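K.L.:
from the sequence below, what's the structure:
(chains A and B)
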2 protein chains.
Amino acid sequence: MLTISKRGMAMPASPIRKLVPFAEIAKQKGVKVYHLNIGQPDIETPKTVLDAVRHTDFTVLAYSHSAGNESYRKKLTEYYQRKAITVTKDEIIVTTGGSEAILFAFMACLDAEDEVIIPEPFYANYNGFAVAAGVNVIPVSSSIQNGFALPPIAAFEAKITPKTKAILICNPNNPTGYLYTKEEMEALQALVLKHGLYLFSDEAYREFCYEGTHISAMHLKGIEEHVVLMDTISKRYSACGGRIGALVTKNQTVLDAVMKFAQARLSPPSFAQIAGEAAVDLPENYFETTKTEYQSRRDLIVQRLQAMPGVTCPNPGGAFYAIAALPVDDAEKFCQWLLESFEYKGHTVMLAPAGGFYQTPGLGKKEVRLAYVLNKTDINAAMDCLAVALTQYPGKTV
Amino acid sequence: MLTISKRGMAMPASPIRKLVPFAEIAKQKGVKVYHLNIGQPDIETPKTVLDAVRHTDFTVLAYSHSAGNESYRKKLTEYYQRKAITVTKDEIIVTTGGSEAILFAFMACLDAEDEVIIPEPFYANYNGFAVAAGVNVIPVSSSIQNGFALPPIAAFEAKITPKTKAILICNPNNPTGYLYTKEEMEALQALVLKHGLYLFSDEAYREFCYEGTHISAMHLKGIEEHVVLMDTISKRYSACGGRIGALVTKNQTVLDAVMKFAQARLSPPSFAQIAGEAAVDLPENYFETTKTEYQSRRDLIVQRLQAMPGVTCPNPGGAFYAIAALPVDDAEKFCQWLLESFEYKGHTVMLAPAGGFYQTPGLGKKEVRLAYVLNKTDINAAMDCLAVALTQYPGKTV
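P.N.:
Below is the predicted model:
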């Protein structure tokens, strides 16, 4: 009999994308939808980066090296050096998006039934890769009350079992925007050293820190063998569609194992590696400009949210996400209602229900994630919609 | 303690790529290496296909739909219709190369410990995806003596257990070049129907058939729910670096499950989808030209191989590979020796030892796979090298 696999059934639908059909219906009705549900920035990809692809003159679109073009990996070492991360080209494996770096790390370091501890709420697709790899995600809860700071180390230790192989953090955090402090990173450093764990560090949003300094897991001394960096050009250069990321580690055994997975899929995409290589030569003020833009959007969206009755929204220190607790019965129902049954001046807003970012059932039920990836005019219009919607929603609680 | 996963250890190094370091050493010594080891065609990617990417004028390199751009999927239905395959855009999920289509099919249809039967020798990376998915590959041996024809159906049935979920074929075959006949395809049709199995059909080389007609698994009537097509633009348009493939099926349950894996990794690469879409509009004679070129290369390489004392090489009906049995003690040792210790007029040749394409230990030990992806001048030069090498190799057996 033809059956789907258990993992095929267990695979979670993306909370970021599962409302898409409702958004399509809204659009078919002529309603303009402000997309705050997905981290697809409206920031233009730097022209020189796109032009590097447009000005290519090769005649065969060939496989690259399975670890990525050597010229690109060399160039990436310059980028990392500017972030005070000293690596060689051989410590970098170019991946198909940050996604593949996550999958490779899970596959190479953990077996089925092994456990990875992740502070929740967390990037929902970690669950997808964990299901694909048969790995169990063990959540440690952070909370909106203290702005989603790192949970106490004792809470991590309480979850460590003989099956625990890794701790995974996203810094600055998606979906909370939280930027881990030096003290928090040092606490993680001691923890992974004490228990012999990998520290997987997803630093997709490294460039976007508004409060304090980014401490990379690669900056931590004495745990070089433990650290696997998962990286991507998607957000850094607003180049999400390129599907170019990187797995970076000084652990040669991990590199060797990951390389075999990389060889099986032959190579990462060629066009976007060219884009990524060109991007390393962008002037430093490129990041200042984009960071300033995101910071002003963050200031606006947080201010607007905090002004809404019954809404709680901590000020995120980095990335381009905020989580807000809303005065509604159920955020998922509310988000669907926004698309199906609501409009304000012909507009509505699409948000990501935060429940899908928590592993523990019931947590985040009244929370939504907002990606401030639209310009301030659109953010204001989206917040106008949200403010009105919260007064009209049948399940409102204030 | 930090350990690599069991699957990380079990993951096979690619037999196509694991000799690469030896080739690099040869090149550093100034020896020119003819690469017959990998299916990277020298055929130019059609200029209009590359130009479609070069002439884009978008400003944000954005995520595409997780199933691929709708416009591309619509266009692909035209391509398939020309191949007498009637599908809708919703029956196509664009993947990151054919590689991802294979991984998704394994992940969505089979659980860990489930079994997929594959005629051997087979594309070695199936093993990699099987290890990644925890799936067991059960080989059914085909043999160079009868030109790698489909093994008898009784041989398949002897391997079917309650854990068998699918049969996977590659047609025309990589690495053997064998093109399955109508009778063979109908035998498989009856088999999967009788036992309720999936038929995974990798048709990456559909365009390159020199003897007889290509019968797609999608042409078989009455098993539409069983068939999952794994496809790619890599070979069709000499666009390997694009990393664009497709999983095509009429089984809605499979589509739904695969879609969740597709959502987890967000989207396939954007640039090369544009290339793929443009490629569908190539004139039909594009394939005639490339096919004629490959056919003349096949004729040449097979003739040269058959003329070497002690060499056996069946005439492949499709794709751009041939397997040859060589008069050597061990093909892997021989291939390494070609790179490390041999040169002829400053040249040598890189071949893929065929042992890595067999699952059954010991099979294919004296065989190599040759990809005829070089022009005829280079093929002649490579065959000159091989002919001399076979007389000089210390482990020669004639």
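
K.L.:
helices of chain A, residue ranges please.
P.N.:
Taking DSSP state H to define them, one finds helices in chain A at A:6-10, A:20-28, A:47-54, A:70-82, A:97-109, A:125-133, A:153-159, A:182-195, A:252-264, A:270-279, A:285-306, A:331-340, A:376-392.

K.L.:
right, so the ones you listed: which one is the most enclosed?
P.N.:
Comparing those by mean neighbour count (mean count of other CB atoms under 10 Å in any protein chain shown), helix A:97-109 comes out on top with a mean of 28. All C-beta spots, glycine's among them, are computed from the backbone N, C-alpha and C.

K.L.:
thinking again about what came up before, okay, the helices of chain A in JSON lines with mean pLDDT and distance to chain B next?
P.N.:
Output for the helices of chain A, formatted as JSON lines (pLDDT from 0 to 100; distance: least, CB to the nearest CB, whole Å):
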{"stretch": "helix A:6-10", "mean pLDDT": "95", "distance to chain B": "4"}
{"stretch": "helix A:20-28", "mean pLDDT": "92", "distance to chain B": "9"}
{"stretch": "helix A:47-54", "mean pLDDT": "98", "distance to chain B": "5"}
{"stretch": "helix A:70-82", "mean pLDDT": "98", "distance to chain B": "10"}
{"stretch": "helix A:97-109", "mean pLDDT": "98", "distance to chain B": "4"}
{"stretch": "helix A:125-133", "mean pLDDT": "95", "distance to chain B": "3"}
{"stretch": "helix A:153-159", "mean pLDDT": "98", "distance to chain B": "17"}
{"stretch": "helix A:182-195", "mean pLDDT": "98", "distance to chain B": "9"}
{"stretch": "helix A:252-264", "mean pLDDT": "96", "distance to chain B": "3"}
{"stretch": "helix A:270-279", "mean pLDDT": "98", "distance to chain B": "3"}
{"stretch": "helix A:285-306", "mean pLDDT": "96", "distance to chain B": "13"}
{"stretch": "helix A:331-340", "mean pLDDT": "97", "distance to chain B": "17"}
{"stretch": "helix A:376-392", "mean pLDDT": "98", "distance to chain B": "14"}
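
K.L.:
export the ones you listed to TSV and append columns for distance to B:K376.
P.N.:
TSV is the format used below for the helices of chain A (distance: least, CB to CB, whole Å):
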stretch	distance to B:K376
helix A:6-10	47
helix A:20-28	51
helix A:47-54	33
helix A:70-82	30
helix A:97-109	38
helix A:125-133	44
helix A:153-159	63
helix A:182-195	57
helix A:252-264	30
helix A:270-279	26
helix A:285-306	49
helix A:331-340	60
helix A:376-392	59
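
K.L.:
so which of those is nearest B:S66?
P.N.:
Taking CB to CB, helix A:20-28 is the member of those nearest to B:S66, at 8.8 Å.

K.L.:
contacting residues around that closest one?
P.N.:
Contacts to helix A:20-28, defined as CB atoms under 8 Å, 6 or more residues apart in numbering or on different chains, come from residues A:V33, A:H35, A:Q336, A:L339, A:E340, A:E343, A:T348, A:M350.

K.L.:
tell me how far that helix lies from the chain's centre.
P.N.:
With CA atoms, centre = their mean, to the nearest Å as the basis, helix A:20-28 stands 24 Å off its chain's centre.

K.L.:
likewise for stretch A:57-67?
P.N.:
Relative to its chain's centre, stretch A:57-67 lies at 28 Å (CA atoms, centre = their mean).

K.L.:
and the gap between A:V373 and chain B?
P.N.:
Applying CB to the nearest CB, to the nearest Å, the value for A:V373 to chain B is 10 Å.

K.L.:
if I pick A:G97, what's in contact with it?
P.N.:
Per CB under 8 Å, 6+ apart, neighbours of A:G97: A:T232, A:S234, A:G242, A:R243, A:I244, A:G245, B:R265, B:L266.

K.L.:
again, but for A:G317
P.N.:
The neighbourhood of A:G317, defined by CB under 8 Å, 6+ apart, consists of A:P172, A:G177, A:Y178, A:L179, A:C209, A:Y210, A:E211, A:G212.

K.L.:
can you check A:G212 too?
P.N.:
A:L179, A:T181, A:G317.

K.L.:
go on, A:Y72?
P.N.:
Contacts of A:Y72 by CB under 8 Å, 6+ apart are A:V94, A:Q273, A:I274, A:G276, A:E277.

K.L.:
of all those, which comes closest to B:S99?
P.N.:
B:S99 has its nearest neighbour among the contacts of A:Y72 in A:V94, at 15.1 Å by CB to CB.

K.L.:
leaving out sequence neighbours, find the closest residue to A:D329.
P.N.:
Excluding the flanking residues, the one nearest A:D329 by CB to CB, 6 or more residues apart in numbering or on different chains is A:G395, at 3.7 Å.

K.L.:
same question, A:I167
P.N.:
Using CB to CB, 6+ apart, the nearest residue to A:I167 is A:I117, at 4.9 Å.

K.L.:
go on, A:F261?
P.N.:
Of all residues not flanking A:F261 in the chain, A:F104 sits nearest, at 5.1 Å (CB to CB, 6+ apart).

K.L.:
now A:T59
P.N.:
Distance criterion CB to CB, 6+ apart; nearest residue to A:T59, sequence neighbours excluded, is B:E44 at 4.5 Å.

K.L.:
ok, A:V87 next?
P.N.:
A:Y80 (5.3 Å).

K.L.:
what about the nearest residue to A:P172 once chain neighbours are set aside, how many residues nearby?
P.N.:
Of all residues not flanking A:P172 in the chain, A:G318 sits nearest, at 2.7 Å (CB to CB, 6+ apart). Each residue near A:G318 was counted by other CB atoms under 10 Å in any protein chain shown, and the total is 27.

K.L.:
you'd agree A:G318 is up against A:A204?
P.N.:
No. Look at A:G318 against A:A204 with CB atoms under 8 Å: they stay out of range, at 10.7 Å.

K.L.:
filter the contacts of A:G317 down to the buried ones, PyMOL style.
P.N.:
A single PyMOL command selects the buried members of the contacts of A:G317 (16 or more other CB atoms under 10 Å in any protein chain shown):
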select buried, chain A and resi 172+177+178+179+209+210
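
K.L.:
redo the contacts of A:G317 as TSV? Include pLDDT.
P.N.:
Converted to TSV, these look like this (pLDDT from 0 to 100):
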residue	pLDDT
A:P172	98
A:G177	97
A:Y178	98
A:L179	98
A:C209	97
A:Y210	96
A:E211	91
A:G212	89
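
K.L.:
residues contacting the closest residue to A:E225 other than its chain neighbours?
P.N.:
Spatial nearest neighbour of A:E225, excluding adjacent residues (CB to CB, 6+ apart): A:N251 at 4.8 Å. A:N251 makes contacts with A:E224, A:E225, A:H226, A:V227, A:V228, B:L2, as judged by CB under 8 Å, 6+ apart.

K.L.:
out of the residues you listed, which one has the lowest pLDDT?
P.N.:
In terms of pLDDT, B:L2 ranks lowest among the contacts of A:N251, with 92.
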